[in-house]
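In: Got a sequence here, can you build the structure:
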Amino acid sequence: MLRVNNQPLPVASPNPNPFIPEQVFYYRLRLDQAVPTSSCFVQVVSPFFPTYAGVTVGNMTDAGWQDFNNNTIMFFGYRTPAGPPPLNIPPYYCEQVQLWLQDGGYIAAQAIYIDSGSGFITETNQVDYTVMASSGSLAGARIFSIRFDNTNGYRTIVISF
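Out: Below you'll find the predicted structure:
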């Protein structure tokens, strides 16, 4: 067994870096196929901007995606269309996400990634956002990732410090 300062090294854990603690949060897009759990209260559609642009807000849930709590998540996003040939620019989705916790914790993060979807729901399995600001219980956050279950609408947020 390897030792440092006469102490055994920690065994492997699900976290790829066991020295960085994580916090995990959950939310879902709908209660069932017909009842949404968030509100898209601004959505821009115009001939000048034919793809999605909008703001969505919703409440977080427990680990079983059942009971809602007062933690709130908000997304600001817009899509860019694919560029015509010969440019061959892929379609991008630019998102900013903000998370407010009941205990006063706050985080703001953003990402730009290739996504061929058309509305506010991404088509990818995971997005790693760049943390722009954090405070309270989320102060010092370095990585903000969302894992998307696009079949059932379940979302898992992993924040690493």
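
In: What distance do you get for the residue lying closest to Asn59 once chain neighbours are set aside to Asp62?
Out: Take Asn59 and drop its neighbours on the chain: the residue closest to it by C-beta to C-beta, 6 or more residues apart in numbering is Phe68, 4.5 Å away. In short, each C-beta sits where N, CA and C put it, glycine included. Phe68 is 8 Å from Asp62, where distance means C-beta to C-beta, to the nearest Å.

In: swap in Ala109?
Out: Counting by C-beta to C-beta - Ala109 and Asp62 are separated by 22 Å.

In: So for these two, which sits in the more crowded spot?
Out: More crowded of Ala109 and Asp62, by other C-beta atoms under 10 Å: Ala109, with 24 against 11.

In: show me the contacts for that one.
Out: Ala109 sits next to Gln96, Val97, Gln98, Tyr129, Thr130, Val131, Met132, Phe144 when contact means C-beta atoms under 8 Å, 6 or more residues apart in numbering.

In: cool, Tyr106 as well?
Out: Gln98, Leu99, Trp100, Ala133, Ser134, Ser135, Gly136, Leu138.

In: Save those residues as a markdown table, and put in distance to Phe161 too.
Out: Compiled in a markdown table, the contacts of Tyr106 are given as follows (distance: C-beta to C-beta, whole Å):
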| residue | distance to Phe161 |
| --- | --- |
| Gln98 | 18 |
| Leu99 | 14 |
| Trp100 | 18 |
| Ala133 | 14 |
| Ser134 | 9 |
| Ser135 | 13 |
| Gly136 | 13 |
| Leu138 | 9 |
